[in-house]
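Asks: sequence unavailable; structure follows:
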C-alpha cells in the first residue's frame, strides 16, 4: 500500500515538474507545445466564424477543436492532481480561465451557440512571457501594471468627468440636430459624443446643421485637448518611476541620495558608496 | 414663542446634519438615496428621448419624473431653510445647478419642449466623490483641476493658433476643392479642417482632387504633430507637480511647504528641516 | 518751411503713438478697433462664401468689405509714414501680411476670383495677445515657439521617416488591394496610408480584402505607436524647459544649484542666496 | 602588369572617393545627383501607377525608368569593385536595398508585374541626412532610434496585450452585432476592434444595436486611455535621455561620461570633476 502511495507521489512530482516547471527540458517542451496549441485553438475558433471556410472545412475544424479540448481537459485534470493545494489553483485567475477554456465545448452539446465562448482561451496567451521564461518582458509587464495602477484613481476621475460631459453635450446635440441627422435619441447622441471626443469619428452619425457643426467643432477641440490628460498622467507616472527606480542609497558621508544605478562614488562628496 | 423658535432651530439643525453632513448614518443614507435618484432621473430623461420606449412606457416615465422633481424641490427648499446663509448657497455653483435641475419640469407646463433641459441634473453627478466621501478621489479631482489650471494659458494660446491656422487652411481648401467635394463654403471647410486636424476624420467631407488630397495630407501630419503640444504641456505640468509635491514637510519655523526632496534647509527662512 | 516740417514731425509722432503704441488711451482704443475690424473682415469673407447668404446680402457684404479695405489701406499708409525706418516695416513679417491683406480687394477689379485671398487677414489675428497687451499670454506664445523650435529637427527627422514608410506601405497596399477598393494609384494609396497612420481614418478608402485588412491593422498599430514619438519629444522638451527655467543661481557657500524660483536660502546648506 | 594593377588601384581609389566619400567636390556632386535620381525614380514609379498619366506618357515614363535603372546598375557595380571588402557591402542593409532597387526592372522582362517592386528604392532615401552630411540630423535620427530601442520591450508587451484584448472584444462584438452590421466573422470583428481602439475609425463597419454601441463606447474610452501608455513610455524615455545627456563632461581620470548636472565627483572613480 505504501509503495502505491509512493508511486503516486512520484508520478505527481514528475507531472508537477513537467506542467508547472520551466527549467527541465520536458517542462520547456510541454510549455511550448501548450502555447502552440492555445494559439492554434484560438485561430481555429476565428476561422470557424468565417462562413466560407466553415462550409468548406467544417469537419476538419470541428474535430481539431475537439482534439485540442480533450488535450486541455487532460491538462486541467493533471494540473489539479499534481499540485498540493488544488483549491488554490482552481480558484486562481488562471485556474478559472483554464476551466472556462474547456467548458464551452462540452456545453455545446446542449447549447450549440456557446461554442464561440471558447475564444476565452485567448486569455491563456497572457502567460506568454512567463511561459517562454522571458524574465525581462515579464518585468516590463509588471512595470506597466504598476504604472497603470498608480495612475488608476486619476484616470477613473477623468473618465467620470468625460462621461458627465458627454451626457450634457449629447443631450444638447439631440436638441439641436434632431432625428433627421441621425441623432435619434439622447443615448445615441451620447454615443456620437464619445465617438467624437475620443477622436474615433466613424462618420455614421455626423452633424448637418451649422450650429451642430460649430458645437461638434468645440467637442473635437475639447477631445483633442483632454486626450492630453490621461497621457500626461501616465507619462508623469512613468517618468516618476524611472527617476525613483534608481537605488536611492544615501551617501554615508554627506547623505546625498539619487545616485546613478552603477555609481560607486558619491557625486556630491566623492565618498565611496556602499551597496544597499 | 421662544420654544417654537427653539423647536424650529432644532429642526433646522437636524435637517442640516442630514442634508449637508456626511458623517452620521442618516446623512450618509440621504446622500446615497439622493445620488441614486439623480442617476435614475438622468436615465429617465435619456430613455424618454428614445421614441419606442416613450411610446410604450410614456405614463410610467412621465410620473416617475414628476415624483423625482417633487423630491428634488423639497430637497432644494430644505437646503435653503436649513443653512445659515441661504443666499450664499443659492448663488453658489451647485445652488444654481440644483435650481436649474427642477425648473424645466415646471416650465414644461407652459413650454413642453423645455422638459429635456432637466438633463442638466447630470451636473449634480459631479459631486459623486464628495458625496461618497472618497477623499482620495476628491483629492485627485482637485489635482487634475490644478494641473489643468496651471497649463490653461498655454492651452488657450495653442487653441488660438489652431483656430487661425484652420481659417487659412479651410479657405485654401474651399478654393481648391470647391462645392463639388462637399466644401460648399469657408465655414464648412473650416469645420472639415478641424475634423482633420484633431484626427477625428468623420469622412462626411473628404478631398477628392489630387492637390486637395496633398494638402489634406499636410493638414493630417500637422495635426499629428501638434497633438503633441497640449499633451506635452499637461505632461510637463503633471511631472512638475509629481516632482514638487512629494515630501510636503512644512518648515517648523515659517510653515513653508513644497521643499525639494533632499532639502535640508527651508528655502524660505533658512531654518533646518526635520524629516517627517 | 521749418514749421511745416515740425508740424509734420509732430503729426508723425502722434500717429506713431496711436498706431504702434499701446500705453496711451488713444493707442489702446485704436488697437481694439483694429482688432474688431480684422475679426469682422474675416467673418465677412467667410459669410460671403456661403451661397445663400451671399445671394441675400450681397450688396451689404460687398460694401462692408470695401469700407474695411479702405480703412486698412489708410492704416497701412499711416504705418509707413509714421515710422522712421519704413523699409524695415514693409519687409517685416507683419508688414508683408498687412500688404497682402489689402491687395486682393484691389486686384479683384481685374481678377474677381482673387478676392477670397483677403482671408489672409486672419494672420493679423496672430497679434491678438500683443495687441491686447497680455504679457502673460505673449510669454506663453514665445515659450511654445521655443519648445517647438528646440524639438524641430527631431520632428523633421520623424516626419521624413513617416513619409518614406508611407511610400512603401502605400505601394504595398496598391498591389494588394488594387483599384477595386479605391486604391486606384500609388499616390492615392499613400494618401490612404497617411490618413490611417495619423489615425484620422476618413473611411473614403478602406481595405476590403483580408490581407489588406491585416496590413491596415499593422499600419494602425504602427501609427498608434509612433504618435508617441512627437508627443514624447515635445513633452521632454517642455519638462526640460520647466526644470531649467528656474534660475540656476548657485549657492555661494556650497555651490548647489537648482534652487526654487523664490528661494531665499540654499536648500542644501541653509546659506542666504543672492539674486542673480 | 604591375602598372595595370596600379592603374586599376588608382581608378578604384578615385571611384571610392567619389562614391563613398562626401568631403571632395566630386563626392558631394555625385551624392546630390544620386539623391535626385532616387527621388525622381520614386516619383516615376508613383506616376506610372496613375492610369491616366501612364496612358498619356507611357513611353516617356518607361524609358526614363530604364535609364535610371542602368545608372543604378553601374553605380552598384562600381560600389562593389571600388571597395576592399565587397562582400561586406553586398550583404549589408543598404547593399541589399541597392540590389533590390535594380532587380525588379530586369525581372520585369519575364514577370511584368514585378516592376512595381522598384518602389523599394524609396528606402534608399533613408540615407538622406547622411548623404547631405547633416551631422545634426543624423545625430537626431540615431537619438530617436536609441529612445525607441530603449522602450522597445515595453512597447512589445503593450501591443501584445492590445492584441489579446482585441481578440476577446472582437469575438464579443461578433456575437452581439452579427453579420447584419458588417461583423461577418471574428477576424473582421478584430479588425473593427483595432480600427476603434487606435481611434482611426473608418466607419466601414460600425455597431448598430444599442448593446453593440455601448460596448463600442467602452472600447473607445479604453483606446483613448491606453494610447497614453506608449506615449508615456516614450516620453519618459526621452525625458530620461534629456536629463542624463546634458553635461557630458568626461572624467579626466577614468573617462566616464554622463555625470549628473551638479556632480562634483566622478560616480565611477571618485575623482574630482572639472567644469567644461
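Replies: Structure's in. What do you need? Nothing here was measured: the structure is a model prediction, and the numbers come from that model. Numbers count the residues shown, from 1 in each chain, chains lettered A, B, ... in the order given.
Asks: quick one, helices of the stretch 51-200 of chain A?
Replies: A:51-81, A:86-90, A:93-107, A:128-131, A:135-150, A:152-177, A:186-197 (DSSP state H, counting those that start in this stretch).
Asks: where does pLDDT dip in the stretch 51-200 of chain A?
Replies: Along the stretch 51-200 of chain A, the model assigns pLDDT under 70 to residues A:133-134.
Asks: contact residues of it facing chain B?
Replies: Applying Cβ under 8 Å from any Cβ of the partner chain, one finds that the stretch 51-200 of chain A approaches chain B through A:153-154, A:156-158, A:160-161, A:164, A:167-168, A:171, A:174-175, A:179, A:184-187, A:190, A:196, A:199-200. Heads up, the C-betas are built off the backbone N, CA and C, glycines and all.
Asks: rewinding a little: nearest to residue C:227, of the helices of the stretch 51-200 of chain A?
Replies: Ranking the helices of the stretch 51-200 of chain A by distance to residue C:227, with Cβ to Cβ as the measure, places helix A:186-197 first at 17.1 Å.
Asks: what subset of the residues of the stretch 51-200 of chain A next to chain B is also close to chain D?
Replies: Residues of those in contact with chain D (Cβ under 8 Å from any Cβ): A:187, A:190, A:199, A:200.
Asks: relative to residue C:239, which of those is nearest.
Replies: Compare each of these with residue C:239 using Cβ to Cβ and the shortest gap goes to residue A:199, at 24.2 Å.
Asks: so who does the closest one touch?
Replies: Taking Cβ atoms under 8 Å, 6 or more residues apart in numbering or on different chains as the criterion, residue A:199 is in contact with A:220, A:223, A:224, A:227, B:198, B:199, B:200, C:199, D:199, D:201, D:224.
Asks: name the nearest residue to residue A:107, sequence neighbours excluded.
Replies: In space, not counting the residues next to it along the chain, residue A:107 is nearest to residue A:114; the distance is 4.6 Å by Cβ to Cβ, 6 or more residues apart in numbering or on different chains.
Asks: is it true that that neighbour touches residue A:120?
Replies: No. Counting by Cβ atoms under 8 Å, residue A:114 does not reach residue A:120; the two are 11.0 Å apart.
Asks: residue in the stretch 51-200 of chain A nearest to chain C?
Replies: Shortest the stretch 51-200 of chain A-to-chain C distance, computed as Cβ to the nearest Cβ: residue-wise this is residue A:199, at 7.0 Å.
Asks: gap between that residue and residue B:164?
Replies: Relative to residue B:164, residue A:199 is positioned 21 Å away (criterion: Cβ to Cβ, to the nearest Å).
Asks: same question, residue A:41
Replies: In this view, residue A:41 and residue B:164 are 56 Å apart by Cβ to Cβ.
Asks: the more surrounded of the two?
Replies: The residue with more neighbours, out of residue A:41 and residue B:164 and counting by other Cβ atoms under 10 Å in any protein chain shown, is residue A:41; that gives 24 against 17.
Asks: drop anything exposed from the residues of the stretch 51-200 of chain A next to chain B.
Replies: A:153-154, A:157-158, A:160-161, A:164, A:167-168, A:171, A:174-175, A:184-187, A:190, A:196, A:199-200 (16 or more other Cβ atoms under 10 Å in any protein chain shown).
Asks: which residue ranges make up each domain of chain A?
Replies: Chain A resolves into domains spanning A:2-131, A:147-244 when parsed by automatic domain parsing.
Asks: please identify the most buried of the ones you listed.
Replies: Per residue and on average, the most neighbours among those fall to domain A:147-244, with a mean of 22 (mean count of other Cβ atoms under 10 Å in any protein chain shown).
Asks: circling back to that earlier point, out of the domains of chain A, which gets nearest to residue B:106?
Replies: Closest to residue B:106 of the domains of chain A is domain A:147-244 (Cβ to Cβ; 18.7 Å).
Asks: what about the residue nearest the centre of chain A, distance to residue A:93?
Replies: The central residue of chain A, meaning the one whose C-alpha is nearest the mean C-alpha position (Cα atoms, centre = their mean), is residue A:126 at 6.8 Å. To residue A:93, residue A:126 is 9 Å away according to Cβ to Cβ.
Asks: cool, and residue A:10?
Replies: 30 Å.
Asks: then residue A:180?
Replies: Between residue A:180 and residue A:93 the computed distance is 49 Å (Cβ to Cβ).
Asks: distance of the residue nearest to residue A:107 from residue A:125?
Replies: Distance of residue A:114 to residue A:125, computed by Cβ to Cβ: 21 Å.
Asks: say whether chain D is contacted by stretch A:29-43.
Replies: Yes. Judged by Cβ under 8 Å from any Cβ, stretch A:29-43 comes into contact with chain D through residue A:42.
Asks: avg pLDDT for that stretch?
Replies: Summarised as a single mean, pLDDT over stretch A:29-43 is 89.
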